[in-house]
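Asker: Sharing a model prediction with you, sequence too.
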Amino acid sequence: MDQTRTYTAYATLNGCTAIDQVNIKVNPNPTVVKESINPFTGPFGHIQVKVSGGTPNYKFQWFRNDTLISTQEDLTGLKSGIHKLIVTDANGCTATFGPQAVIVTNAIDITLEKNIRISPNPTDGLLNLEFQLEQNTPLEINVLDALGRRSWQQERQVFYRKNLIIDLSAHAPGMYWIQFKTDAGAFFKKVIRQ
């Protein structure tokens, strides 16, 4: 939308007054919206956005966990993390997309995921993680808040068929991610703390 404003200026010097009108156009900010997110590993994982408004040509800065990772419009080759895009138009006006938590999955993760049960979910504090794995699997387990900050950690140990209790009683209500790190990568399960 055109943001043109008309201003009237008065100037007086030695008893003489002059009046003039000036039109000033304020350029609108660009806007950025998510078109799609595909959270898979390899070349298929992507975040696609659509930018409009502002003044083309646009500059793009994608950040993952506050580190610059790309200057392309769309982000490909996703990795898990907190993603943010800053779009700057030709006039220096900006728009931001994110932060957007992206959890990347792969085939190994899907096998593990179906053999680890978390209950109750939602929880008012205590979580029971039940492991019914097909083989001894070394895992590091972390609890991450919605912005990806770690708030609890279980050092790497071998899991097979056992239970683990995580106490979230001291955590604020909200959404958390349980991160399971393996030699092949990581996968996540969402938990709600009531």
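Answerer: Perfect, I can see it now.

Asker: Only C-alpha atoms from now on, for both contacts and neighbour counts.
Answerer: OK.

Asker: longest single strand anywhere in this structure?
Answerer: Criterion DSSP state E: the longest strand present in the chain is strand 126-145.

Asker: which residues are contacting that strand?
Answerer: For strand 126-145, contacts defined as CA atoms under 8 Å, 6 or more residues apart in numbering pick out 112, 115-121, 150-169, 175-183.

Asker: Filter the residues you listed down to just the buried residues.
Answerer: Neighbour counting over the contacts of strand 126-145 (16 or more other CA atoms under 10 Å) leaves 112, 116-118, 121, 152, 159-160, 168, 176-182 as the buried ones.

Asker: Could you say which helix or strand holds the residue nearest in space to the middle of the chain?
Answerer: The residue lying closest to the centre of the chain (CA atoms, centre = their mean) is Gln100, at 1.9 Å. Using DSSP states H and E, Gln100 maps to strand 94-102.

Asker: Just name whatever secondary elements that strand is in contact with.
Answerer: Where contact means 3 or more CA pairs under 8 Å, 6 or more residues apart in numbering; DSSP states H and E, strand 94-102 is packed against strand 30-38, strand 81-88.

Asker: I'd like to know which of the contacts of strand 126-145 are part of helices.
Answerer: In helices, judged by DSSP state H, the following of the contacts of strand 126-145 are found: Leu112.

Asker: List the pairing partners of the longest strand of the chain within its sheet, with orientation.
Answerer: Strand pairing for strand 126-145, determined by DSSP bridges: strand 116-119 (antiparallel), strand 150-167 (antiparallel), strand 174-182 (antiparallel).

Asker: buried residues in it?
Answerer: 127-133, 137-145.

Asker: re earlier: now, among the buried ones among the contacts of strand 126-145, which is nearest to Asp20?
Answerer: Of all these, Tyr176 has the smallest distance to Asp20: 59.7 Å, by CA to CA.

Asker: Pull the distance from stretch 145-161 to the chain's centre.
Answerer: 19 Å (CA atoms, centre = their mean, to the nearest Å).

Asker: again but with stretch 10-28, I slipped
Answerer: Per CA atoms, centre = their mean, the centroid offset for stretch 10-28 relative to its chain is 47 Å.

Asker: likewise stretch 165-176?
Answerer: With CA atoms, centre = their mean, you get 20 Å for stretch 165-176.
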